[in-house]
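*Asks:* any chance you can model this:
(2 chains)
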Number of protein chains: 2
Amino acid sequence: MSWYAWGDPDRAAPLDPNVRALIAQTLGAELRDLPPVPEDAVRLPDPALPAAARADLVDAVGGDSGRVRDDRAARLRHGAGKSTPDLLRMRAGRDVRAPDAVVLPAAHEEVEAVLAACSRHRVAVVPFGGGTSVVGGVDPLRGPFAAVVALDLREMDRLVRLDAESGTAVLQAGLRTPEAEELLAAHGYTLGHLPQSYEYATIGGYAATRSSGQASSGYGRFDSMVLALKAATPRGTLEAGRAPASAAGPDLRQLLLGSEGVFGVITEVTVRVRPLPSAHRDEAWAFPSFTEGAAALRALARSPLRPTTARLSDETETFVNAALSGKEAAPGCLAVVGFDGEEDDVEARRAACARVLSGAGGTPLGSEPVADWRGSRFHAPYLRDTLLSAGVLAETLETAATWADLLPLYRAVSGAVSQALKGPEGDAVVLCHISHTYPEGASLYFTVVTAAGEDPSARWERAKRAAGNAIAEGGGTISHHHAVGTDHLPWMEAEIGPLGAEVLRAVKERLDPEGVLNPGKLIPPPPQRA
Amino acid sequence: MSWYAWGDPDRAAPLDPNVRALIAQTLGAELRDLPPVPEDAVRLPDPALPAAARADLVDAVGGDSGRVRDDRAARLRHGAGKSTPDLLRMRAGRDVRAPDAVVLPAAHEEVEAVLAACSRHRVAVVPFGGGTSVVGGVDPLRGPFAAVVALDLREMDRLVRLDAESGTAVLQAGLRTPEAEELLAAHGYTLGHLPQSYEYATIGGYAATRSSGQASSGYGRFDSMVLALKAATPRGTLEAGRAPASAAGPDLRQLLLGSEGVFGVITEVTVRVRPLPSAHRDEAWAFPSFTEGAAALRALARSPLRPTTARLSDETETFVNAALSGKEAAPGCLAVVGFDGEEDDVEARRAACARVLSGAGGTPLGSEPVADWRGSRFHAPYLRDTLLSAGVLAETLETAATWADLLPLYRAVSGAVSQALKGPEGDAVVLCHISHTYPEGASLYFTVVTAAGEDPSARWERAKRAAGNAIAEGGGTISHHHAVGTDHLPWMEAEIGPLGAEVLRAVKERLDPEGVLNPGKLIPPPPQRA
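*Replies:* Now for the predicted structure:
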């Protein structure tokens, strides 16, 4: 993974000058290139890990000093996630943060030993999977401590156990999705988790952030696939989840899911697996408007036969996507439904869903408009880099709400972001789609395109603040699948209430008494005493 | 609800003498009647609520002294749940516990005021819904306090809000299910939650204990229907759940679900509702063995079209049920599948499930064998009272496990219980069914029938201990839908681990610093210091 961009920067083709001119015209803005500085021009803070702490960390990973790295390349590559503010900082080579060292444990017990050593030496620990956070989740913040290490889980990449009878697999946290799918496919199974970060993100990261993928209508959110978790904490091991369902008290899995490394480090996840599908089929549908398309997705979410994938672009996104692929956009909104499974089952579900969608006012467009969708579905982050190099911010934000709140929230967030970005530096284009549906509501995924302007970070910050406030006021959740990190922390107390925040702090204090785990993330700080 | 039996004791018909003789012969035991003592012969401890506390409690419920009751009838009726040990204690009229008063708040704010008053006066509080706990969950234990009150939620019985667009309803915690269904049916909706305790249990109780009903295959467990919760705690209000799905940190709903009143009192629950079905159909199927039947239910749990209800009796339960209804039992095991929905949908699902069940070796028996099932499905607790009066214990216990663990666990629990009850007082008959299935596993629900013997409580305690140990050793959960209470507490630390127990204590201490809420339930006590 590149230090300043998504994945392999060579896959981010330069922007066609004609397209660039069209974008500049649409945004009413001058565009100014934002190339990255050379890697050796990036200024990093000097490493500050005390020698005694370093020696204990080497001990913790079995005496292998190669697994406690403080070289510049390793530190730089653990210095940020992949939000637009992260990429802007890296490209500029200024204000770049970096951990003082990168620790690479290879076993649960080593993770425990690392956490014990960091607690003893009062060194902050930032768990690091694929490094794909877009909310500041892997920022190497020191908090009140003298040093910070990134705890990179890449060495923990095994399929521990497959239980074909029960349909479950135990996966180590550091497994990336393509490798996890390869290990499962060898036994005829799949996880079916396909977020945009698929090629880089890890199993542990998915659990720690409650990730959700493009096939969530069929396979479920990642958190709904988790049967059990094992985590290392400074106080020892916490295992949660014993049976497929239980009434033995509160569900402690649900405290670890979404805990973003503040309570402990998830080292193993027991997930539901499904037989590899032998057939798949995608179909495009047109709806006269976003309102009618949303009503159709609502009907689909409540029908007994559901698609594997269901998404609906609003009018603007439909128009822009068609323009980007050189096609003429149909008026209205485009929906995509996808079906994975056995041949018969795919056809039965397709036919049942087609009846629902037709009944809701949809027009079938067949497979052709989405023929290349599966091939390109992880490409969006590269497009963001392409645009960023050309001086265009193209960042995303997301929420979820009940069906009753959804369209008012859609209008409020679009309006707030557009308003916040209006001005002498040009306008914004705000695109939106629904890509995760539930019987009671759905997610909204916005893409905001605007000229980078003089101070791109401040510009994005302004849009993000406007969006977050609109979400909080409109009854949405501050995140449907991106998590909290640092970027959503300002709204976290509104989301869970002051007593909810106290509960998180109580759990934190019990499991991580020194507070070394991922300081500054997720948990609202206690109120200041007068 | 009767003080010594389930519901209305007149509905528990006396045991036919011929059946009784047959049971005695089967169990190889003498049977001795166990009639209840007259109500005024029950000895209750003297009420011990300090006058100052009482005055503050009256204030807390708006100055209405009629809502702080310490009359004998009210105290007796809040003295126990409905486990066999509870019923035995009540029938004998000895060792009966009772709260010192019963408090009846009518609003969330009144519950908060009650908890504040109890914290101030150091009076234990036992939240009380329908009083149907079978695990000691409503036992009026004083813990280290001078007095204990039952907090009865019956006055809080409103449908607060119905959101037809989103398919959700906000229900107050004290609503009993028939009344909740009536309120929802007026708008065309149903909850679809049908546990054996349906006629008496409350919405708040379902949430606090993670109840699961007979239609769980179609409607889901109660915890899966909950979108949001509001709870009163000694530290104030905790609300959890904002959107249909969220990645904004740990899911705090899942801390309140199953919390059994130890963190706070759930006062409102936002639940998913579904359109009232216009059609239903039940079908019986025969399988050559429990093993083959279980494999069929597993296949059904993984198929895209699921029944609303799916249950499978083992050979013994199949035989006994047929004998009880005067029919000839088919050899092997009986399964029941039920379908609720619209006519077309019911037929499509029925046909699809029939293909799965046939393919798994089942023989369709049509609707006739289960024609009276819906009419009598809440009757089992009355049969237990009928048998108890005749000197026969007929108690249930349950667990859940993955498919890989399920049948070994079934054999281990049946064997352990049979062994524990073998002896001069006769044998036991152990029946079992599967009634809740998941893609990864299922529940096991055992009914143990044995002569009451000389010391019925000790006899049941022996069986329960053997079962609990077999469950813990066999990878099952100590409860799939009965909760923990006092009766499962000995196995709770094995279930969640010592660090899991510490997490529960940390949350408890933060929300209920005086520890007045439901002492002695759910949470393993901290290790004794040397």
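*Asks:* return the residues in contact with the spatially closest residue to residue A:305 that is not a sequence neighbour.
*Replies:* In this structure, residue A:305 finds its nearest non-sequential neighbour in residue A:352, 4.1 Å apart by C-beta to C-beta, 6 or more residues apart in numbering or on different chains. Every C-beta, even on glycine, is put in place using the N, C-alpha and C of the backbone. The contact partners of residue A:352, by C-beta atoms under 8 Å, 6 or more residues apart in numbering or on different chains, come to A:303, A:304, A:305.
*Asks:* let me know the helix or strand that residue A:350 is in.
*Replies:* helix A:343-359 (DSSP states H and E).
*Asks:* how about that helix: buried residues?
*Replies:* Neighbour-count burial for helix A:343-359 flags A:345, A:346, A:348, A:349, A:350, A:352, A:353, A:356, A:357 (criterion: 16 or more other C-beta atoms under 10 Å in any protein chain shown).
*Asks:* same check on stretch A:510-517?
*Replies:* The neighbour-count check on stretch A:510-517 (16+ other C-beta under 10 Å) flags A:510, A:511, A:512, A:514, A:515, A:516, A:517 as buried.
*Asks:* can you show me the CA trace of the helix or strand of chain A with the lowest mean pLDDT as PDB?
*Replies:* Sorting the helices and strands of chain A by mean pLDDT, DSSP states H and E puts helix A:373-376 at the bottom, at a mean of 80. Coordinates of each C-alpha in helix A:373-376 appear next as PDB, following Å, rounded to 0.1, in the frame of the first residue of the first chain:
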ATOM      1  CA  TRP A 373     -19.600  -3.500 -12.500                       C
ATOM      2  CA  ARG A 374     -18.100  -6.600 -10.700                       C
ATOM      3  CA  GLY A 375     -14.800  -6.000 -12.500                       C
ATOM      4  CA  SER A 376     -14.400  -2.400 -11.400                       C
END
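*Asks:* helices of the stretch 251-400 of chain A, start to end?
*Replies:* A:253-256, A:290-301, A:315-324, A:343-359, A:373-376, A:380-389 (DSSP state H, counting those that start in this stretch).
*Asks:* out of the ones you listed, which is the most enclosed?
*Replies:* Counting by mean count of other C-beta atoms under 10 Å in any protein chain shown, helix A:253-256 has the highest mean neighbour count of these, with a mean of 26.
*Asks:* contacting residues for residue A:58?
*Replies:* By C-beta under 8 Å, 6+ apart, the contact list for residue A:58 reads A:64, A:65, A:67, A:68.
*Asks:* could you redo the last one with a cut-off of 7 Å?
*Replies:* A:65, A:68 (C-beta atoms under 7 Å, 6 or more residues apart in numbering or on different chains).
*Asks:* am I right that it falls within a helix?
*Replies:* Yes. With DSSP: H, G, I helix; E, B strand; the rest coil as the criterion, residue A:58 is located in a helix.
*Asks:* how close does it sit to chain B?
*Replies:* 27 Å (C-beta to the nearest C-beta, to the nearest Å).
*Asks:* out of the contacts of residue A:352, who has the most neighbours?
*Replies:* Highest neighbour count within the contacts of residue A:352, by other C-beta atoms under 10 Å in any protein chain shown: residue A:305, with 21 neighbours.
*Asks:* up against chain B, what does the stretch 251-400 of chain A have?
*Replies:* A:251-252, A:254-255, A:257-259, A:272, A:304-305, A:345, A:349, A:400 (C-beta under 7 Å from any C-beta of the partner chain).
*Asks:* quick one: low-confidence parts of the stretch 1-150 of chain A?
*Replies:* Applying pLDDT under 70 to the stretch 1-150 of chain A flags no residue at all.
*Asks:* could you pull out the strands in it for me?
*Replies:* A:68-69, A:101-103, A:124-128, A:148-152 (DSSP state E, counting those that start in this stretch).
*Asks:* list the helices and strands the third one packs on?
*Replies:* This means strand A:124-128. Under the contact criterion of 3 or more C-beta pairs under 7 Å, 6 or more residues apart in numbering or on different chains; DSSP states H and E, strand A:124-128 touches strand A:148-152.
*Asks:* strand partners of the strand it packs on, parallel vs antiparallel please.
*Replies:* If you go by DSSP bridges, strand A:148-152 pairs up with strand A:101-103 (parallel), strand A:124-128 (parallel).
*Asks:* got the CA positions of the longest one in CSV?
*Replies:* These are the backbone C-alpha positions of strand A:124-128, laid out as CSV (Å, rounded to 0.1, in the frame of the first residue of the first chain):
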residue,chain,number,x,y,z
ALA,A,124,0.4,4.2,23.3
VAL,A,125,-0.5,1.3,21.0
VAL,A,126,-2.4,1.8,17.7
PRO,A,127,-3.7,-1.5,16.3
PHE,A,128,-3.1,-1.6,12.5
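*Asks:* about what we covered before: do you know which of the helices of the stretch 251-400 of chain A lies nearest residue B:365?
*Replies:* helix A:343-359 (26.5 Å; C-beta to C-beta).
*Asks:* ok, back up a step: save the buried residues of helix A:343-359 as CSV, and put in pLDDT too.
*Replies:* As requested, those are exported to CSV (pLDDT from 0 to 100):
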residue, pLDDT
A:345, 90
A:346, 95
A:348, 92
A:349, 93
A:350, 96
A:352, 94
A:353, 97
A:356, 97
A:357, 98
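*Asks:* columns distance to residue B:315 on top of these, output as JSON lines?
*Replies:* Shown next, in JSON lines, are the buried residues of helix A:343-359 (distance: C-beta to C-beta, whole Å):
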{"residue": "A:345", "distance to residue B:315": "33"}
{"residue": "A:346", "distance to residue B:315": "38"}
{"residue": "A:348", "distance to residue B:315": "35"}
{"residue": "A:349", "distance to residue B:315": "37"}
{"residue": "A:350", "distance to residue B:315": "42"}
{"residue": "A:352", "distance to residue B:315": "38"}
{"residue": "A:353", "distance to residue B:315": "42"}
{"residue": "A:356", "distance to residue B:315": "43"}
{"residue": "A:357", "distance to residue B:315": "47"}
